[in-house]
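**Q** here is a sequence with its predicted model. Questions after.
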Amino acid sequence: MSKQFKSVEDYAVAIFPKLSKRAKTVVKEIIENGSVTTERLADLGYEHAPRAVRDVREAGIPITTLRVLSTKTHRKIASYVFGDIESIQYFKSEGRRTFTKAFKEELFNKQSGKCAICNMEFDEKLLQIDHRIPYEYMGDARSLTPKIDDFMLLCGECNKKKDQATIEGCSKTCFLTKDIKIIRSCYWSSPENYTHICMKPIRRMEITWFGNEDVSDYDEINEQALHQNKTVQEIVKHMIHESRD
């Protein structure tokens with residue numbers, strides 16, 4: 001798409017038909033009123049305003065967040081306005097890509113049918129294709145063929161965890177560096193091979209006990225933890241330390 005627009009609003013109007021329902025609501029409110037608040041979006045049925053605004057950003061439309069005083073509670077709330085015209089990401093104008101069945105099957109086989117974070121096995125239909133680096137930061141419309149290494153499969157629960165972690169952590173740390181190597185080496189981008197979590201020297205391990213034998217093992221560890229007034233995680237760490245001695 002050529003960069004022929006005189007304002008962010010012009011661009012938003014041009015791609016409006018391609019936007020999701022949530023994004024259309026946000027854009028329409030900003031065009032008509034100059035801004036839209038979290039309260040207004042809640043009144044329109046969108047309790048999670050950041051997700052609605054994210055839909056707009058994922059279409060390449062820059063949005064700036066301001067803090068204003070609520071007329072209802074007299075507390076500070078978020079208000080969203082169009083951002084700088086220089087920040088329009090034209091390559092996102094076509095929106096999210098629809099992935100082929102073959103592409104998902106390739107990911108499924110690569111991960112042996114397991115979620116990349118919790119490492120549990122799932123039916124293919126229960127795993128979701130996830131951008132290792134969130135779409136709003138990278139986009140995927142720059143190339144005709146998506147690269148398999150830029151994506152992973154996550155179960156619904158882990159996808160929600162990552163979504164929250166990138167909003168609260170990555171967006172304020174590694175994403176700000178704009179260094180692709182740093183971003184890719186974060187746990188939330190590469191859980192199978194990472195060096196940091198949001199720029200901190202942290203390691204984490206997701207363990208799920210599944211089946212009668214596994215659950216029995218967990219119950220035994222949990223009983224030890226309760227007896228010693230510790231957490232299961234502390235007991236597992238202690239077991240690892242003892243095994244090295």
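**A** Structure's in. What do you need?

**Q** only C-alpha atoms from now on, for both contacts and neighbour counts.
**A** Fine.

**Q** residues in contact with stretch 208-217: which ones?
**A** Residues from elsewhere that reach stretch 208-217 (C-alpha atoms under 8 Å, 6 or more residues apart in numbering): 118, 120, 218.

**Q** by mean pLDDT, flag the weakest helix or strand of this structure.
**A** Lowest by mean pLDDT, DSSP states H and E among the helices and strands of the chain is helix 135-138, with a mean of 65.

**Q** now for the next helix or strand after that one, which elements pack on it?
**A** Counting by DSSP states H and E, the next helix or strand C-terminal to helix 135-138 is strand 151-155. Packing partners of strand 151-155 (3 or more C-alpha pairs under 8 Å, 6 or more residues apart in numbering; DSSP states H and E): helix 101-110, strand 127-131.

**Q** mind listing the strands strand 151-155 pairs with, and their directions?
**A** Neighbouring strands of strand 151-155 in its sheet, by DSSP bridges, are strand 127-131 (antiparallel).

**Q** need the contact partners of the partner strand.
**A** Applying C-alpha under 8 Å, 6+ apart, the contact partners of strand 127-131 are 104, 115, 150, 151, 152, 153, 154, 155, 156, 159.

**Q** quick one: low-confidence parts of this protein?
**A** The chain contains residues with pLDDT under 70 at 1-3, 93-98, 135-145, 245.

**Q** residue ranges of the strands in it, please?
**A** Using DSSP state E, the strands found in the chain span residues 36-37, 63-69, 76-82, 127-131, 151-155.

**Q** quick test: name the residue nearest the centre of the chain.
**A** Geometric centre of the chain, nearest residue: residue 163, 2.9 Å, by C-alpha atoms, centre = their mean.

**Q** how much space between that one and residue 66?
**A** Distance of residue 163 to residue 66, computed by C-alpha to C-alpha, to the nearest Å: 22 Å.

**Q** again, but for residue 151
**A** From residue 151 over to residue 66 (counting by C-alpha to C-alpha), the distance is 33 Å.

**Q** neighbour-wise, which of these two wins?
**A** Set residue 151 next to residue 66 and count neighbours by other C-alpha atoms under 10 Å: residue 151 wins out with 18 against 13.

**Q** nearest spatial neighbour of the more buried one, skipping sequence neighbours?
**A** residue 131 (4.7 Å; C-alpha to C-alpha, 6 or more residues apart in numbering).

**Q** now do the same contact list for residue 126.
**A** 155, 156.

**Q** the longest helix along the chain: how far from the chain's middle?
**A** Ranked by residue count and defined by DSSP state H, the top helix of the chain is helix 212-227. Centroid separation for helix 212-227 versus its chain: 33 Å, with C-alpha atoms, centre = their mean, to the nearest Å.

**Q** one more: stretch 202-220?
**A** 26 Å.

**Q** with only the CA atoms kept, save that stretch in CSV.
**A** Provided in CSV are the C-alpha atoms of stretch 202-220 (Å, rounded to 0.1, in the frame of the first residue of the first chain):
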residue,chain,number,x,y,z
ILE,A,202,15.6,-16.0,35.2
ARG,A,203,14.9,-19.6,34.3
ARG,A,204,11.5,-21.3,34.6
MET,A,205,10.2,-24.7,34.0
GLU,A,206,6.6,-25.7,33.3
ILE,A,207,5.8,-29.2,34.8
THR,A,208,2.4,-30.8,34.4
TRP,A,209,1.6,-34.1,36.2
PHE,A,210,-0.8,-36.1,34.1
GLY,A,211,-2.2,-39.6,34.7
ASN,A,212,-2.5,-41.7,37.8
GLU,A,213,1.2,-42.4,38.3
ASP,A,214,2.2,-38.8,37.7
VAL,A,215,-0.5,-37.4,40.0
SER,A,216,0.6,-39.8,42.7
ASP,A,217,4.1,-38.5,42.5
TYR,A,218,2.8,-34.9,42.7
ASP,A,219,0.7,-35.7,45.7
GLU,A,220,3.7,-37.2,47.5
